[in-house]
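Novice: predicted model and sequence follow; I will ask about them next.
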Amino acid sequence: MKKTLTIFSLHCCGGCSQEFLSDYQSIGQLADCFDITEPDDYGHDSIDVALVEGHLKSEKEEKNLKLIRKIAKTVVAIGACAHLSGVGSQKKSTKTVSDVIKVDYIIPGCPISKKELYHCLMDLYWGKKFTLPDLAVCFECRQNGNKCLLKDNKICLGPITRMGCDSICVNNGEACLGCRGHIPAPNIEKIKEALHPIVQDEAEIDHLLSFYGNQNE
Amino acid sequence: MNNLSAEKSLIGKKFPEIPIIASRICGELSVSHSLTAIKAIESACGITPSVQTEKLRRLMLIAHIIKSHTDHLYQSIIPEFLGLESFCDLKKDHLEIFKNAIALQKYTDRIFHLVGGRAVHQISTVSGGFKSYPSTLEIESLDNDSKNIADSANELLSLVFSFKLPNIARKITFLALHKRDIYALDTGEVWSDTGEHFMANEAEQFLIDKSIADQKIRKIFLKNKVISAGSLARLKLNKLSAEIKKTIDDAQMSFENPYSNIYAEAIEINILIQESLELLRHFAKNDIEDEPIKLPKKFGTGSAVCESPTGLLFYSLDFDKEGRLLKYEIITPTELNLLAFKNDYKIVQKTIEKLDKREQARLIKLLALSYNISLPRDD
């Protein structure tokens, strides 16, 4: 029997829902298990799975999010805006989804890895517990044969960032800027020590460490 | 959907971060935002990109427009005309159409994987060049696998042309990039079909904001004229092949009909698929060089304009001497097209007054679907 899946978009660019819906073959397969809908209003009786992207900036949004929590059996926060507040967010005036409601699962990233989200949804469908990997991006980076940016005197937050993206940024010549959030018990002091010779300014290091929002999960 | 938090956070950022943040203003138009920001940075910093960089960026922008139109047609328009609840029903009830959609989607995905890194929030595109390049082998492989993609585009065109469009006619002023001998997407002058021509740095003299102070979305006029930007405007203002002109004539497509955007997107996919294949062949024959990234010579003010899937996107960026952004001006395709959409809404409402309520609702819904507008959040 199919389960219901509704996508809710709060303050964000919509990139994560865009990613989710972009692989037609996978969506076609998911649609065998889920009725996928966007909300017309918040008047559903009950939803099996609510995907929530974006951060919150108003009381009205918090009220709507609490309604979603009430009607959804499972809430999955998707993307860096929902998880960490996201690029450009102001700590004082922005809340993450977890700041307002209990979240069952988080799919991190900016944007998310659609494969990771599909995997999570199929686990949910079959009643399995989905877990994110706890290792750092360095694990994937090494497997992909990339040269270590930090050892090459270049910025990278890979050692403290959760893997699952297949080190896509480093594969394409860019640094990891931590969009997937921290691994459990990240060694922040060590990464700051590693970055000091490269980025002398303390404020600049703090800026890099919070590029995708508040990392204090 | 527009992320105003990301947009406002541009101020004070160093120039390498600008395209990363700009991309996150709108997920659907992330390629256009990052590319236009990059070109505005290059204009501000005295960087002239190499011919190879220009060609790779063009391939990327072509893939972006094809992907956006493909998403729009298969996820919104085609299910509407076939009487389906959603795109997912295509697999169950129209498997061949669904397979065709997959072919087009996978083609653009492979281009993004090679050039830029991914479709949403690209990675390797930076001011001055690229941080990573595809290998000739990867390009050849994609070229070899794409022998039937032009047929897929043609199948989509035949399907879309089988849909009868509501017949509305109204006057509008079209606005698009124009350059001689090329389908202009990222170079050239901005042209209107009423004789105005201007460059990106002259935009504020021609594009007038007439919105009321507390309105969240600006209303942009071309002097006093309501604008239409996007696929119809590009087809109107670019030189087209005899074949494409005949296609438009045979379909009896009227540029004055806002619903014609549906046909225009399918026609554009066909035009751009052809050019993407030519670019892939070019890169398969001419090895891509691992060019160093060109660095800024100075910092100042720069402007750029690119076509996005839904119309022109303007960026003007002003940097201090350390390369930090002091101020910006962005004009989005939504701001250019919103007034036309609102006017067309009123015209269509008046035209369909005498129809039954169900038909009225269908035609209004179809008008909204024909426009592919990305609205900003309240902020």
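Specialist: Great, that's in hand.
Novice: switch to C-alpha atoms for all contacts and neighbour counts from now on
Specialist: Fine.
Novice: quick one, what contacts the residue of chain B found nearest chain A?
Specialist: With Cα to the nearest Cα, the shortest gap between chain B and chain A falls at residue B:27, namely 3.9 Å. Taking Cα atoms under 8 Å, 6 or more residues apart in numbering or on different chains, we find residue B:27 in contact with A:13, A:14, A:15, A:16, A:18, B:1, B:2, B:120, B:121.
Novice: and residue B:191, which of the three is it?
Specialist: The three-state label given to residue B:191 by DSSP: H, G, I helix; E, B strand; the rest coil is strand.
Novice: can you tell me the closest non-neighbouring residue to it?
Specialist: Distances taken as Cα to Cα, 6 or more residues apart in numbering or on different chains place residue B:197 nearest to residue B:191, at 4.6 Å, with adjacent residues excluded.
Novice: burial measure for residue A:200, as a count.
Specialist: Per other Cα atoms under 10 Å in any protein chain shown, the neighbour tally for residue A:200 reads 10.
Novice: and the gap between it and residue B:17?
Specialist: Distance, residue A:200 to residue B:17, using Cα to Cα, to the nearest Å: 18 Å.
Novice: cool, and residue B:60?
Specialist: From residue B:60 over to residue B:17 the distance is 20 Å, taken as Cα to Cα.
Novice: higher neighbour count, the two?
Specialist: Each of residue B:60 and residue B:17 has its neighbours counted (other Cα under 10 Å); residue B:60 has more, 25 against 14.
Novice: isn't that one right next to residue B:112, touching?
Specialist: Yes. Counting by Cα atoms under 8 Å, residue B:60 touches residue B:112, with 6.6 Å between them.
Novice: where does the chain have low pLDDT?
Specialist: You didn't say which chain, so I picked chain A. A:40-44, A:216-217 (pLDDT under 70).
Novice: the chain in question should be chain B.
Specialist: B:213-216, B:374-379.
Novice: let's verify the closest residue to residue A:73 other than its chain neighbours: helix, strand, or coil?
Specialist: Spatial nearest neighbour of residue A:73, chain neighbours left out: residue A:48 (5.0 Å); criterion: Cα to Cα, 6+ apart. Of the three states, residue A:48 takes strand under three-state DSSP.
Novice: now whichever residue of chain A sits closest to chain B: how far from residue A:113?
Specialist: The nearest approach of chain A to chain B comes at residue A:15, 3.9 Å away (Cα to the nearest Cα). Relative to residue A:113, residue A:15 is positioned 11 Å away (criterion: Cα to Cα).
Novice: more neighbours: which of those two?
Specialist: Between residue A:15 and residue A:113, counted using other Cα under 10 Å, the more crowded position is residue A:15 (29 against 21).
Novice: pretty sure that one sits against residue B:28.
Specialist: Yes. Using Cα under 8 Å, residue A:15 is in contact with residue B:28, at 6.4 Å.
Novice: so the spatially closest residue to residue A:167 that is not a sequence neighbour versus residue B:134, what's the distance?
Specialist: Of all residues not flanking residue A:167 in the chain, residue A:141 sits nearest, at 5.3 Å (Cα to Cα, 6+ apart). Using Cα to Cα, one gets 18 Å for the distance from residue A:141 to residue B:134.
Novice: check which helix or strand residue B:178 maps to.
Specialist: Under the criterion of DSSP states H and E, residue B:178 resides in strand B:173-178.
Novice: can you list the strands that that strand pairs with?
Specialist: Using DSSP bridges, strand B:173-178 pairs in its sheet with strand B:189-192 (antiparallel), strand B:227-229 (parallel).
Novice: neighbouring contacts of it?
Specialist: B:184-194, B:225-230, B:232-234, B:236-238, B:306-307, B:311-312.
Novice: drop anything exposed from those.
Specialist: Among the contacts of strand B:173-178, those buried by neighbour count (16 or more other Cα atoms under 10 Å in any protein chain shown) are B:184-192, B:226-230, B:232-234, B:236-238, B:306-307, B:311-312.
Novice: helices - which of the residues you listed land there?
Specialist: B:232, B:233, B:234, B:236, B:237 (DSSP state H).
Novice: was I right about the last one contacting residue B:194?
Specialist: No. Residue B:237 sits out of contact with residue B:194 when judged by Cα under 8 Å, with a separation of 10.5 Å.
Novice: just give the nearest non-adjacent residue to residue B:251, would you?
Specialist: Residue B:251 sits nearest to residue B:161 (Cα to Cα, 6+ apart), 6.8 Å away.
Novice: I should have written residue A:178 there, sorry.
Specialist: Using Cα to Cα, 6+ apart, the closest residue to residue A:178 is residue A:161 (5.3 Å).
Novice: enumerate the beta-bridge partners assigned to that neighbour.
Specialist: Counting by DSSP bridges, residue A:161 forms beta bridges with residue A:182.
Novice: assign the residue of chain B closest to chain A to helix, strand or coil.
Specialist: The three-state label given to residue B:27 by three-state DSSP is coil.
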